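**Student:** Give me the fold of what follows.
(one chain, ligands or ions: 1)
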Amino acid sequence: MMRDSATLRRMELHGRQVALRPVAPADAPALAAILAEPSVARWWGTFGLARVEADLAGGHPDEEGFGILVDGVCVGYIQAVEETEPDFRHAGIDLFLATAVQGRGLGPDAIRTLATHLIDDRGHHRLTIDPAADNEAAIRAYTKVGFRPVGVMRAYQRMADGQWVDALLMDLLAEELVR
Ligand SMILES: CC(C)(COP(=O)(O)OP(=O)(O)OC[C@H]1O[C@@H](n2cnc3c(N)ncnc32)[C@H](O)[C@@H]1OP(=O)(O)O)[C@@H](O)C(=O)NCCC(=O)NCCS
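**Tutor:** Alright, predicted model coming up:
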């Protein structure tokens, strides 16, 4: 069923292990603390509280951001950024989890949950995700959900040390999602 976008942006989504709750300004301190953890900052770069409030909890029109909750506690963040140009319509996904809960399948569960929403509720036929080319944990996690490698985007992302590094573009067509 297609729902209007205002309703969709307030929806809490439920996976097997995680719930995704639309991010709120009150989540910013918890997300800033997670982003400061070295295993997250390595890939996401430097975020202070002000940048989290502006970039992640700020309510951009083409972005849907969710806190990843386990037993009601915010342990991470996942977002979808929609390309709305009709002939190129798709959504990109990005996420991070706190160090303490990585490696337990919560990332694939959160991605599967958001991807199901984007395909079933928002009508997307194609999703993308673009980990750093050497982020092996992320590439394994995304492969489990059905994303496939498309190609290497050279010098795509600037890391905290100022170096531009390659990223792997992965995409998934709606029928490929491992539900
Ligand atoms: C990338 C990420 C979202 C994956 O979610 P996840 O829930 O950890 O994924 P999984 O549990 O499926 O783990 C994926 C693989 O990486 C391994 N892994 C994940 N975290 C790990 C860690 N901290 N140390 C060692 N191995 C780890 C797992 O063992 C698993 O390997 P397997 O497939 O051989 O079993 C999550 O680890 C994360 O947020 N990492 C830090 C930030 C980041 O890299 N974000 C993505 C930027 S594109």
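**Student:** tell me the pLDDT at the closest residue to the ligand within the chain?
**Tutor:** Per C-beta to the nearest ligand atom, the residue of the chain with the smallest distance to the ligand is residue 107, at 2.1 Å. For the C-beta atoms, the positions are set from N, CA and C on the backbone; glycine is no exception. Confidence at residue 107, expressed as pLDDT, is 98.
**Student:** hang on, it in a strand?
**Tutor:** No. Looking at residue 107 with DSSP: H, G, I helix; E, B strand; the rest coil, it is helix, so not inside a strand.
**Student:** quick one: low-confidence ranges for the protein?
**Tutor:** Residues of the chain meeting the criterion pLDDT under 70: 1-9.
**Student:** Near the ligand, which residues of it? Just list them.
**Tutor:** Where the chain comes near the ligand, counting by C-beta under 6 Å from any ligand atom, the residues are 39-40, 43, 94-97, 102-108, 131, 135, 137-138, 140-141, 144.
**Student:** cutoff 5 Å now
**Tutor:** 40, 43, 96-97, 102-103, 105-108, 131, 137-138, 140-141 (C-beta under 5 Å from any ligand atom).
**Student:** Show me which of those residues are buried.
**Tutor:** Using 16 or more other C-beta atoms under 10 Å as the burial test, those include 40, 43, 96, 97, 102, 106, 107, 108, 131, 138, 141 as buried.
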